[in-house]
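Student: Sequence plus the predicted model coming up.
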Amino acid sequence: MADIRSRDIAHNGLWKNNPALVQLLGLCPLLAVTGSVVNALGLGLATILVLAGSNTVVSMIRNHVSEAVKIPAFVMIIATFTTCTELLMQAFTYELYTILGIFIPLIVTNCMILGRAEAFASKNPVALSLFDGLMMGCGFGAVLLLIGAIREILGSGTLFANMHLLFGPIAEGWTLNLFGEGYGFLIAVLPPGAFLVAGMLIALKNIIDDRIEKRRAARRAPVATGSKRVRTTGAIS
Amino acid sequence: MAGMGKSIRFNSLVLGLFALITASLLAGTYLGTKDRIAEAQREVAKRALLEIVPLHRHTNDLLLDTVPIPANFWHTLGLEDEGGAVHIARQGDEPVAAIVPAVAPDGYNGDIHLIVGINIDGTLAGVRVVSHHETPGLGDKVDLKKSDWILGFDGKSLDNPKPPQWKVKKDGGAFDQFTGATITPRAVVKQVYKTLKYYHEDRERLLKAARQKPTVTHEASEDTDNG
């Protein structure tokens, strides 16, 4: 039972109800900081930390806080986790913190986090809430990372540049230069590029979902060969 | 009525307790990370200063050896209300260079924060962009991470090139602009020139103040060049 439940949660967070691709929550940081892998990873990790933490604590106190003061209490919890994360990032990855700038404190306004606290953690036991926070966070982080990687490759022709900001000196040599020096494709680095890439990912997810759905339907009821299909678009010649 | 009063009292108590717990958690994290954050900030500031005046050119602690900038110069340097201080580099007790913070207010996307290193003879030791919001791929070439344009200032001074030449080439000056971005380099060139002028005007006072101050040396381990 518990296994099935946690599999649903994982499926929900990572794919079916992916906060970035399906719920379209937290678009502002999603589009603003995904110019490179290191930025995306930094914000992704910070978001996972806040989401998992707030979900856990919200679930712990869910039976002790009345309906009337629930939301202010949740906001306080989320704000605390965000500020702690901000301080930790300043302490350990100072330069990355200065690059991500305002988007770290703005995690507090990411509707995904209050949304999960209210919709899931306030009704479910602690372990499941923690897991839900992790999975939703990973789903969000994975999309961030993917957009970051695509935009970095298209825009600057590199991959994993500046990873030492997050991993320290061992990562100095991780930069892959894919198209040689001097390559640059401006629009991928600018905000419109983020919209385009995000849009394509959403389309891609829908196509995959469609395929899966079709395959499932085909398995359920095999279509007889030669059956007629109704054509709804295009001119019939 | 009594029930409602009770529930209000209870809720406020719960929220108050919450505020207390979260506040103490934050205070704990703050205290735990405070020193590391200060250290990280110092490291970043120091690295920028050392790029302009490398270790072999000075023997003091650049970060701590400062002379405040008088308020009447704040406007020239673009520092407006917050002011700033000049870092002094010395060889022994003798000042060899000054590193002046400056802000070019007219970048394409707002302020460009610079540090300008000026040798004692008035030539530029180096200029670095500390922070900016210029367009990636166009204006951000003022950043040494993106291109070495900024190194073109090294060795220049108030009369090299001559004052009318302290402009980008498009405006008839001596400095390159970037394809697709003139505003950013124009702003930087203008502010570097203003900073040189500031140094020219404030030089006597700066050096006097620097000579009166005791030299702050950094850890001896870093210096092995006292032949």
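Tutor: Happy to help now that I have it. On a predicted model such as this, the values are computed, not experimentally measured, just so you know.
Student: Spell out which parts of chain A neighbour chain B.
Tutor: Chain A has residues A:35, A:64-66, A:68-69, A:72-73, A:76-77, A:79-80, A:83-84, A:87-88, A:90-92, A:94-95, A:98, A:155-156, A:184, A:186, A:189-190 near chain B, with proximity defined as C-beta under 8 Å from any C-beta of the partner chain. To be clear about C-beta, it is placed using only N, CA and C from the backbone, and glycine gets the same treatment.
Student: ok, 7 Å please
Tutor: With C-beta under 7 Å from any C-beta of the partner chain as the criterion, chain A meets chain B at residues A:35, A:65-66, A:68-69, A:72-73, A:76-77, A:80, A:83-84, A:87-88, A:90-91, A:94-95, A:184, A:186, A:189-190.
Student: From the residues you listed, list just the buried residues.
Tutor: Buried residues within the residues of chain A next to chain B, counting neighbours by 16 or more other C-beta atoms under 10 Å in any protein chain shown: A:35, A:65, A:69, A:73, A:76-77, A:80, A:83-84, A:87-88, A:90-91, A:94, A:189-190.
Student: Quick one: the strands in chain B, in order.
Tutor: Secondary structure of chain B (DSSP state E): strands at B:66-68, B:85-91, B:94-107, B:110-119, B:124-131.
Student: Could I get the average pLDDT for the second one?
Tutor: Per-region confidence: strand B:85-91 scores 90 on mean pLDDT.
Student: Direction included, what does that strand pair up with?
Tutor: Partners of strand B:85-91 in the sheet, by DSSP bridges, are strand B:66-68 (antiparallel), strand B:94-107 (antiparallel).
Student: Return the set of buried residues in the shortest one.
Tutor: In this case it means strand B:66-68. Buried-residue list, strand B:66-68, by 16+ other C-beta under 10 Å: B:66-67.
Student: Helix, strand, or coil at A:Gly180?
Tutor: What DSSP: H, G, I helix; E, B strand; the rest coil gives for A:Gly180 is coil.
Student: what's the spacing between it and chain B?
Tutor: A:Gly180 sits 16 Å away from chain B, going by C-beta to the nearest C-beta, to the nearest Å.
Student: And for that residue, the neighbour number?
Tutor: 7 (other C-beta atoms under 10 Å in any protein chain shown).
Student: Same question for the one 3 residues further on.
Tutor: A count of neighbours around A:Tyr183, defined by other C-beta under 10 Å, yields 13.
Student: One more: A:Lys214?
Tutor: Using other C-beta under 10 Å, A:Lys214 is surrounded by 10 other residues.
Student: tell me the average confidence for the helix or strand that contains it?
Tutor: Per DSSP states H and E: A:Lys214 is located in helix A:191-220. For helix A:191-220, mean pLDDT rounds to 91.
Student: just checking, what packs against that helix?
Tutor: Applying 3 or more C-beta pairs under 7 Å, 6 or more residues apart in numbering or on different chains; DSSP states H and E, one finds that helix A:191-220 makes contact with helix A:27-32, helix A:126-156.
Student: and that helix, which residues are buried?
Tutor: For helix A:191-220, by 16+ other C-beta under 10 Å, it's A:193-194, A:196-198, A:201-202, A:205.
Student: Please identify which of those residues is nearest to chain B.
Tutor: Each of those was scored against chain B by C-beta to the nearest C-beta, and A:Gly193 proved nearest at 10.1 Å.
Student: what's the closest non-adjacent residue to A:Ser122?
Tutor: Once flanking residues are discounted, A:Ser122 sits nearest to A:Arg62: 4.8 Å by C-beta to C-beta, 6 or more residues apart in numbering or on different chains.
Student: B:Ala38 versus that neighbour, what's the distance?
Tutor: As judged by C-beta to C-beta, to the nearest Å, A:Arg62 and B:Ala38 stand 38 Å apart.
Student: Look at the two and report which has more neighbours.
Tutor: Per other C-beta under 10 Å, whichever of A:Arg62 and B:Ala38 has more neighbours is A:Arg62, with 18 against 12.
Student: Can I take it that the more buried one is in a strand?
Tutor: No - looking at A:Arg62 with three-state DSSP, it is coil, so not inside a strand.
Student: That one contacts A:Asn124, correct?
Tutor: No - counting by C-beta atoms under 7 Å, A:Arg62 does not reach A:Asn124; the two are 8.1 Å apart.
Student: returning to what we had before: would you single out the least confident of the helices and strands packed on helix A:191-220?
Tutor: helix A:27-32 (a mean of 84).
Student: I'd like the distance from that helix to the chain centre, please.
Tutor: Chain-centre distance of helix A:27-32: 10 Å, with C-alpha atoms, centre = their mean, to the nearest Å.
Student: Report all helices and strands that that helix contacts.
Tutor: Short answer (3+ C-beta pairs under 7 Å, 6+ apart): helix A:27-32 packs on helix A:191-220.
Student: Spatially nearest residue to the residue sitting nearest the centre point of chain A (excluding sequence neighbours)?
Tutor: In chain A, the centroid-proximal residue (C-alpha atoms, centre = their mean) is A:Phe140; its distance is 1.1 Å. Distances taken as C-beta to C-beta, 6+ apart put A:Pro19 closest to A:Phe140, at 4.7 Å, once the chain neighbours are dropped.
Student: Run a quick neighbour tally on that neighbour.
Tutor: 28.
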